[in-house]
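A.B. asks: Fold the following.
(chains A and B)
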Amino acid sequence: MKTDIILSGVGGQGILSIATIIGEAATHSGLHLKQAEVHGMSQRGGDVQSNLRLSDSPIASDLIAQGTADMILSLEPMEALRYLPYLDREGWIITSSAPFKNIPNYPDEQALKDELAQLPHIILVDVEKIAHEHNMPKCANVILLGAASRYLGIVSVDELRDSIARVFGSKGAAVVEMNQKAFDLGHAAAENK
Amino acid sequence: MTDKKLLLGDEAIALGALHAGIKGVYAYPGTPSTEITEYIQKHPLTRERGVHNTWCTNEKTAMEAALGMSYAGCRAIVCMKHVGLNVAADAFVNSAMTGVNGGLIVIVADDPSMHSSQNEQDSRFYGKFSLMPILEPASQQEAYDLMPYGFELSEKQKLPVLMRITTRMAHSRAAVTVKTEAQPIQQLPFAKDPASWVLLPANARRQYAALIEKQAELESLSAQGHHTRLESGSNSKGIGIIACGIGYNYVKEAEGGHDDFPVLKIAQYPLPSTLIHELAAQCREILVVEDGQPFVEEQVHALLGADYPIKGRLTGDLPRTGELTPDNVAAAMGVASKRFFEAPKNLVPRPPALCQGCGHRDVYNALNEVVREYPDARVFADIGCYTLGALPPFRAIDSCVDMGASITMAKGAADAGLFPAIAVIGDSTFTHSGMTGLLDAVNDKANITVVISDNLTTAMTGGQDSAGTNKFEAICLGLGVEPEHVRVVVPLPKNMEEITRVIREEIEYNGVSVIIPRRECIQTLNRKLKQKRKEQQA
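C.D. replies: Model prediction:
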């Protein structure tokens, strides 16, 4: 069994933290993992992506081939669509619905929504709104992970929750608690989608 | 005893080096190599053992210091990005002539596809013409394992070893089985052989002959080397594959566990010609899968002759530019793509941008306002975050070529009569390669205006220490810039009137002037504030 995930977003949104939590959970469960990251120039407000591959057998390539990703997990709707050629025909897109407009020529929002709506397996979650309502502005990424946890068969929801405790452990109990709450909120938000 | 750790390729190299008992790492930051040095800087063994780990002014000083450490009998590594090897090249090439004492590995991270670079040069060419052994790991595990191997190779052959990696190896994470105990730091006797270390022509000729003499042995070591092997496949198609470094992973991915192709996996150079002949004898055609330029492909052509069909980047079976991907390798192997969805048409690119609140923004706003008054003005910029001044909304710069070229190109243009010739260079880039150019300009009384945009850090690579912090006025004065034409301003919107006035005055001065807009990078500033809050809470 394998799960190939493309994580995407805008530099600074926190996609690498999501990758760290999933990666930690996967390693803890004894899975093989490869994760290609983007560092350097593009982190300055540009588009960023990471290829995260999990499997119960050894993994060859660090990068995911087109048409084979099981999930695109994105903190920005246009950035989710950017990697569509990589998605398996049965793959899922789980994305924040809130556009991040730091460019003057951001495309028409309705057109983007229509594109997304056409896809067979799509979950849109307004993670920014949930983060705002619960006064946890820095946890939008973990809320998204919570939403995705329903579809990440290869690592269990409990494993991911425990991983949050280990990843944020050094920052104190309050930070762990807030992130686990964010995770639960995301999990709940994806329930009826 | 062993342990399993999740490591970036860069981190696996760093830990491999620490575990092999290095006494020092010498480096200048450069994507995608930076994390090697950073990992060593943060590792407890480094402090415990007193491993040298501070940043160097540039790649050349790094290379030479590491060679000095090797001379003194200790193991050392040098790390840089591919274009950094151009800067270090003089020392690098000649280190193969002197040879080494303590083991020396030069780790160079190439950046095919130019994720964060200005070209796709392939460092293996440097290794070849320097006549050095080259290692190229295919996985994070190999990267770790090849460090102790590389040091032994270096010490046995008395030669520096080049380890070549690419972005996807540097910045990809995987589980690595590592040793729980490090080798002790080794201390060989200091070198004392002027006949090999003093490269006077008479000595150098002898050294060069000896280096040439070693090549046959180096080649046979490649054939026996760790991680280089000829794997037999079912060979149903009669096509053999030569897979270098991480290219091997894409081949295996495309095969999907079937092992259809005989594969010669290459992790060490000079190329093992015996194994290539062996592969060629089994097949009627060879596909060369290598990241970067067609380095192996050209050599295999020479080895097998024009009649033997060889496919690769030169034939267009793999793209001539850009990095390898599982997709382009699969296509070259005749494996059909599974692509199902097409990218929507209304996607737009999202280029990186200068951070909100960054001092470089204020510098460009001021510069643009003044430059508008001079129709012939040109702004020669340099390598760093401020290169993003090329993009909207600023469109403020006219060139960016290599580290330090801003000052010297402005000077050359001024020599030809261009006015005003303005150079924009960052603090770290200035000490890396700008100071010598400024001396040229001073000596020639060139009519240029140099802006050293000082944010007190090497920002683009993540905020490493900058070699010249707190020394810039002294450096400029020491190089001979007139004291009244070394001007310091604080780049903030509220100071716009003062900054534009200073720029105007210095453009109008007929000679070398230096303007230093100085304000800390907001990324490093925020990090420091965060750290401070954390300490206060604790």
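A.B. asks: Just the element for the residue nearest the centre of chain A, please.
C.D. replies: Computing the C-alpha centroid of chain A and ranking residues by C-alpha atoms, centre = their mean puts A:L73 first, at 3.5 Å. Here A:L73 is covered by strand A:69-74, with elements defined by DSSP states H and E.
A.B. asks: do B:L211 as well
C.D. replies: Under the criterion DSSP H and E, the helix or strand holding B:L211 is helix B:201-224.
A.B. asks: Pull the residues that contact that helix.
C.D. replies: B:96-99, B:131, B:133, B:153, B:157, B:159, B:194-196, B:199, B:228, B:268-275 (C-beta atoms under 8 Å, 6 or more residues apart in numbering or on different chains). Every residue, glycine included, has its C-beta placed from N, CA and C.
A.B. asks: one step back: which strand residues bridge the residue nearest to the centre of chain A?
C.D. replies: The partner list for A:L73 in beta bridges (DSSP bridges) reads A:L7, A:I94.
A.B. asks: got the contact list for it?
C.D. replies: Taking C-beta under 8 Å, 6+ apart as the contact definition, A:L73 lies against A:I5, A:I6, A:L7, A:S8, A:I15, A:I18, A:I94, A:T95, A:L144, A:L145, A:A148.
A.B. asks: Then B:L418?
C.D. replies: Contacts were defined as C-beta under 8 Å, 6+ apart; by that measure B:L418 touches B:D376, B:R378.
A.B. asks: Model confidence score at it, please.
C.D. replies: Note on B:L418: pLDDT of 98.
A.B. asks: name the element it belongs to?
C.D. replies: With DSSP H and E as the criterion, the answer for B:L418 is that it lies in no helix or strand.
A.B. asks: how close does the closest residue to B:T325 other than its chain neighbours get to A:I5?
C.D. replies: Nearest residue to B:T325, sequence neighbours excluded (C-beta to C-beta, 6 or more residues apart in numbering or on different chains): A:L63, at 5.8 Å. Using C-beta to C-beta, to the nearest Å, A:L63 is found at 12 Å from A:I5.
A.B. asks: which residues are common contacts for the two?
C.D. replies: Where contact means C-beta under 8 Å, 6+ apart, the residues bridging A:L63 and A:I5 through contact with each are A:N51.
A.B. asks: More neighbours: which of these two?
C.D. replies: Under the neighbour definition other C-beta atoms under 10 Å in any protein chain shown, A:L63 and A:I5 were set side by side, and A:I5 has more, 27 against 23.
A.B. asks: Flag every buried residue along the helix or strand that contains the more buried one.
C.D. replies: Taking DSSP H and E as the definition, one finds A:I5 inside strand A:2-10. Applying a neighbour-count criterion of 16 or more other C-beta atoms under 10 Å in any protein chain shown, one finds A:T3, A:D4, A:I5, A:I6, A:L7, A:S8, A:G9, A:V10 buried in strand A:2-10.
A.B. asks: any idea of the pLDDT on the last one?
C.D. replies: Meaning A:V10. A:V10 carries a pLDDT score of 93 in this model.
A.B. asks: Identify the residue spatially nearest to it, adjacent ones excluded.
C.D. replies: Nearest to A:V10 is A:F100, by C-beta to C-beta, 6+ apart, at 4.9 Å.
A.B. asks: okay but A:R150 is in contact with A:L144, surely?
C.D. replies: No: using C-beta atoms under 8 Å, A:R150 is not in contact with A:L144, being 11.9 Å away.
A.B. asks: More neighbours: which of the two?
C.D. replies: Between A:R150 and A:L144, counted using other C-beta under 10 Å, the more crowded position is A:L144 (33 against 17).
A.B. asks: who's in contact with the helix or strand hosting that one?
C.D. replies: Assessed by DSSP H and E, A:L144 sits inside helix A:140-148. The set of residues that contact helix A:140-148 without belonging to it, under C-beta under 8 Å, 6+ apart, is A:13-15, A:17-18, A:21-22, A:71, A:73, A:75, A:94-96, A:123, A:125, A:127-128, A:130-131, A:136, A:160, A:164, A:179, A:182-190.
A.B. asks: Following the chain past that helix, name the next helix or strand.
C.D. replies: As assigned by DSSP H and E, the chain's next helix or strand after helix A:140-148 is helix A:157-168.
A.B. asks: hmm, the next helix-or-strand element following that following helix in reach of chain B?
C.D. replies: With elements assigned by DSSP H and E, the helix or strand that comes after helix A:157-168 is helix A:173-189. No: judged by C-beta under 8 Å from any C-beta of the partner chain, helix A:173-189 stays clear of chain B, getting no closer than 10.5 Å.
A.B. asks: Quick one: list the elements packing against helix A:173-189.
C.D. replies: The elements that helix A:173-189 packs onto, with contact taken as 3 or more C-beta pairs under 8 Å, 6 or more residues apart in numbering or on different chains; DSSP states H and E, are helix A:127-133, helix A:140-148, helix A:157-168.
A.B. asks: rerun at 6 Å
C.D. replies: helix A:140-148, helix A:157-168 (3 or more C-beta pairs under 6 Å, 6 or more residues apart in numbering or on different chains; DSSP states H and E).
A.B. asks: Go ahead and name everything in contact with it.
C.D. replies: Among residues not part of helix A:173-189, those counted as contacts by C-beta atoms under 6 Å, 6 or more residues apart in numbering or on different chains are A:125, A:130, A:136, A:139, A:142-144, A:146-147, A:149, A:161, A:164-165, A:168.
A.B. asks: B:Q523: helix or strand, and which one exactly?
C.D. replies: According to DSSP H and E, B:Q523 maps onto helix B:522-537.
A.B. asks: how about that helix: buried residues?
C.D. replies: Burial within helix B:522-537, assessed by neighbour count using 16+ other C-beta under 10 Å, is assigned to B:Q523, B:T524, B:L525.
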